[in-house]
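1. Below is the structure, and that's it, no one-letter string:
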């Protein structure tokens, strides 16, 4: 199994690993930070900057079946990025109230996208065409 010091979350089943890692952001764009507060927060350490990477790995072969990237992530910590628990609480609250509005998060969206891609790739799995994870 591949180990990365920047793994934020990892789910493992008998046949799959779903891993969300924080990778170095190589192309940060702060052009939208008009008052410079975000840049100051980054410089002071209040915020962290990373590129989120989710991958679905087929354990028997090590093949990456699906993945998703999101760059320019700026958060106070990794837990703020993985806000799916708070969204889940909010969704349950709204459901009890009969509301159909749903909270969503980048983290949940990325997991879903990587799994959708993995399902498509698994259906026509040709291992020679899939990237494998280094051991």
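-> Sure thing, it's come through. Because the structure is a prediction, the values reported are computed rather than measured.

2. show me where this protein has strands.
-> Listed in chain order, the strands found in the chain under DSSP state E are 7-12, 16-23, 48-58, 63-75.

3. remind me which residues of the protein are low pLDDT?
-> Counting by pLDDT under 70, the ranges of the chain that qualify are 1-5, 84-88, 91, 101-104, 125-135.

4. Kindly list the longest helix within it.
-> When the chain is scanned for its longest helix (criterion: DSSP state H), the result is helix 106-123.

5. Also compute the angle for it relative to strand 7-12, please.
-> If you take axes from the mean of the first three to the mean of the last three C-alpha atoms, to 10 degrees, helix 106-123 sits at 40 degrees to strand 7-12.

6. Give the other helices and strands that helix 106-123 contacts.
-> When contacts are defined as 3 or more C-beta pairs under 8 Å, 6 or more residues apart in numbering; DSSP states H and E, helix 106-123 sits against strand 16-23, strand 48-58, strand 63-75, helix 84-96. C-beta here means a position set from N, CA and C on the backbone, and glycine is covered the same way.

7. Report the inter-axis angle for the third one versus strand 48-58.
-> I take that to be strand 63-75. Inter-element angle recorded for strand 63-75 and strand 48-58: 160 degrees (by the same axes, to 10 degrees).

8. Identify each buried residue in strand 63-75, please.
-> Of the residues in strand 63-75, those with enough neighbours to count as buried (16 or more other C-beta atoms under 10 Å) are 63-68, 70, 73-75.

9. would JSON lines of the helices and strands packed on helix 106-123 with distance to residue 117 be doable?
-> Putting the helices and strands packed on helix 106-123 into JSON lines (distance: least, C-beta to C-beta, whole Å) gives the following:
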{"stretch": "strand 16-23", "distance to residue 117": "12"}
{"stretch": "strand 48-58", "distance to residue 117": "7"}
{"stretch": "strand 63-75", "distance to residue 117": "3"}
{"stretch": "helix 84-96", "distance to residue 117": "19"}
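
10. Much appreciated, bye for now.
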